[in-house]
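*Asks:* please work out how this folds:
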Amino acid sequence: MHVRLGALLVGAAVFSAACAGADNADRDPASTTTTADAPDEDSAHPSATASAAPVVAATPAPSPTAAVVLDPRETGGLRNFLGYEFPPAPQVPTGPLSPAATDQLDFIWSKLSTGGLDGAEVSRLAESGDARLAWILSDLLRFVRPGDIFNGAVSAFEELTGAALADDPVAIRSPWQSMTDHLIAWDLPVFEGYADYKGRLFTLIEPGWQPFFEDAGSDIDWRLVSWGGVLIDNREFGDPRPCPRGCIPALDDPGVTDAEGGSWYPDDSIVFAVVIGDEARAYPRHIMEIHEMVNDSLGGRRIGMPYCTLCGSAQAYFTDDVPNGVEMPVLRTSGLLSRSNKVMYDLVTKSVFDTFTGRALSGPLHRQGLVLPQVTVVTTTWGDWKAAHPATTIVAQGGGIGRVYPFNPLGGRDDHGPIFPVGDVDERLGVQDQVFGVVLDDGTPVAFPVEAAAAALRAGEAVELSGVELRLDGGGVRAIDADGDEITGHQAFWFAWSQFMADTLLWAP
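*Replies:* This is a model prediction of the structure:
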């Protein structure tokens, strides 16, 4: 589905697949060589002539001249998931943008809604010599097809940073992904006012993101946020209908059945399983691949369960554990990503959460300092789970909403490594090796390669690291401490766990 933005970027904004969703699963998320071809839905999208948000211009100042090497670390040795070694980070100035750079940026942004932008104007950003503008070029490139503006952005990026994207094999499929990987790996800083420019661009695509950009006190690192290819899920709680505009629709209070009634689901198919109190429930992976978010009741508690298909990570958060006077959150998928992890938000307060940690990053819940507590999610097969937990329930075949779910909605989409920017990777494991991870009370992250750990446990060997011991549960694993008390954990792709849990301890057999 195209987003019709009239003259915006020569009408080249492209919808491409995000984290999943049945209606979007066949599209290539980061590719610049394919476009979606579903019908336009003009009435569902912002007008090309809609006014952009006001510009907060940088205070005029002399052109910055002081240059520093970032961090000031050397980036030699940092590699992406295909083994490409990132070049050293460019030097960047300090202070505000130069007046000339600000004028050029404002000119380009004025053309986003009025039309007439060309690649030469974009490439002129390189005249500033300010490599911090590379983030702006990345943001623009996400929304344009190959062509004049695309080429201007790539040219300016390479001139500002000294990087040659043709050297990176990721760029063969997606120059945008390669460009953004470089910026993340370099930890390149931004200029004052960057989030305002980004917000004006992104809200032309989806006005529903406006509250996220309005919170000046948020902890969102806007450098890492990219468009996932779909729009915001802002349907009311309990609405069973698919998103008419192309979002990933959460499933609220799904229909469930007992284990016998779950005979429709193949025993060798994957479930994400949760136990709270005396109740166990299994969530079939293919249903989670469609909805990516479930709000449910289990064991007398309310939980929100995001599944980031891009990170291979299903998590479960208690949403009823909130301060007095705070309405219980309803978790939804925003359509945005942060370093390839889905950005979830609360439908009630429009607060953004770090999906990997449950910490509120913006909005009223951020000001409350809310961190949603987690409960362990066991990833296993349905046959193994119901054998270990015969009283378990499972989400019903139609999800309680009468929907038909294909058994392989993603069609191997993630088989060849991350398809959105992740920057440099930790090479101790393969990027898509599954790990079971926990975080200790002192903040230390600990990860266990699942396949090797489960094999060791089945062989009767102990699997333990830093006071964390793994146990088998229905074919999956969970963690306990020295006193036998559970330590909350979940599985994820290694690239996701290691990038959000830096310096994680890693068990080896």
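
*Asks:* ok, the nearest residue to residue 475 once chain neighbours are set aside to residue 395 distance?
*Replies:* Excluding its sequence neighbours, the residue lying closest to residue 475 (CB to CB, 6 or more residues apart in numbering) is residue 384, at 2.9 Å. Where C-beta positions appear, they are placed from N, C-alpha and C, glycine not excepted. Remark: distance between residue 384 and residue 395 (CB to CB, to the nearest Å) = 17 Å.

*Asks:* in terms of neighbours, single out the busier of the two.
*Replies:* Using other CB atoms under 10 Å as the criterion, residue 384 and residue 395 rank with residue 395 on top: 26 against 19.

*Asks:* list the contacts for the more buried one?
*Replies:* For residue 395, the contact set (CB atoms under 8 Å, 6 or more residues apart in numbering) comprises 251, 254, 255, 256, 281, 282, 283, 284, 287, 294.

*Asks:* burial count for the closest residue in space to it that isn't next to it in sequence?
*Replies:* Using CB to CB, 6+ apart and skipping the chain neighbours, the partner closest in space to residue 395 is residue 254 (4.8 Å). Residues within reach of residue 254, counting by other CB under 10 Å, total 20.

*Asks:* what's the helix or strand for residue 254?
*Replies:* Assessed by DSSP states H and E, residue 254 sits outside every helix and strand.

*Asks:* that one and residue 402 touch, don't they?
*Replies:* No - using CB atoms under 8 Å, residue 254 is not in contact with residue 402; the gap is 11.6 Å.

*Asks:* how close does the residue nearest to residue 475 sit to residue 195?
*Replies:* From residue 384 to residue 195 the distance is 46 Å (CB to CB).

*Asks:* try residue 320
*Replies:* When distance is defined by CB to CB, residue 320 is 32 Å away from residue 195.

*Asks:* pick out whichever of those two has more residues nearby.
*Replies:* Neighbour tally, residue 320 and residue 195, criterion other CB under 10 Å: the higher count belongs to residue 195, 20 against 14.

*Asks:* now the element after the helix or strand hosting the more buried one, going C-ward?
*Replies:* Using DSSP H and E, residue 195 sits within helix 194-205. Counting by DSSP H and E, the next helix or strand C-terminal to helix 194-205 is helix 210-214.

*Asks:* paired strands for the helix or strand following that following helix, with orientation please.
*Replies:* As assigned by DSSP H and E, the chain's next helix or strand after helix 210-214 is strand 225-227. When pairs are called by DSSP bridges, strand 225-227 turns out to pair with strand 331-338 (antiparallel).

*Asks:* tell me what angle the strand it pairs with forms with helix 194-205.
*Replies:* Counting by axes from the mean of the first three to the mean of the last three CA atoms, to 10 degrees, strand 331-338 lies at 120 degrees to helix 194-205.

*Asks:* would you mind writing the CA trace of strand 331-338 as PDB?
*Replies:* This file holds the C-alpha atoms of strand 331-338, laid out as PDB (Å, rounded to 0.1, in the frame of the first residue of the first chain):
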ATOM      1  CA  LEU A 331      -0.100  -2.100  24.600                       C
ATOM      2  CA  ARG A 332       0.000  -1.500  20.900                       C
ATOM      3  CA  THR A 333       2.400  -1.600  18.000                       C
ATOM      4  CA  SER A 334       3.500   1.900  16.800                       C
ATOM      5  CA  GLY A 335       4.800   1.000  13.400                       C
ATOM      6  CA  LEU A 336       8.200   2.300  14.400                       C
ATOM      7  CA  LEU A 337      11.400   0.400  15.100                       C
ATOM      8  CA  SER A 338      14.400   1.000  17.300                       C
END
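
*Asks:* number the chain from 44, please
*Replies:* Will do, 44 is the new start, and the previous item becomes strand 374-381.

*Asks:* in that strand, what counts as buried?
*Replies:* By neighbour count on 16 or more other CB atoms under 10 Å, the buried set for strand 374-381 is 374, 375, 376, 377, 378, 379, 380, 381.

*Asks:* check stretch 401-420 too.
*Replies:* With burial defined by 16+ other CB under 10 Å, the residues of stretch 401-420 counted as buried are 401-409, 413, 415, 417-420.

*Asks:* quick one, helices of the stretch 294-443 of the chain?
*Replies:* For the stretch 294-443 of the chain, helices defined by DSSP state H, counting those that start in this stretch occupy the ranges 328-334, 406-410, 425-431.

*Asks:* how is this protein partitioned into domains?
*Replies:* 51-264, 477-549 (automatic domain parsing).

*Asks:* tell me the bridge partners for residue 349.
*Replies:* With DSSP bridges as the rule, residue 349 is bridged to residue 336.

*Asks:* and it, how close does it get to residue 484?
*Replies:* Distance from residue 349 to residue 484, by CB to CB: 24 Å.

*Asks:* that'll do, ta.
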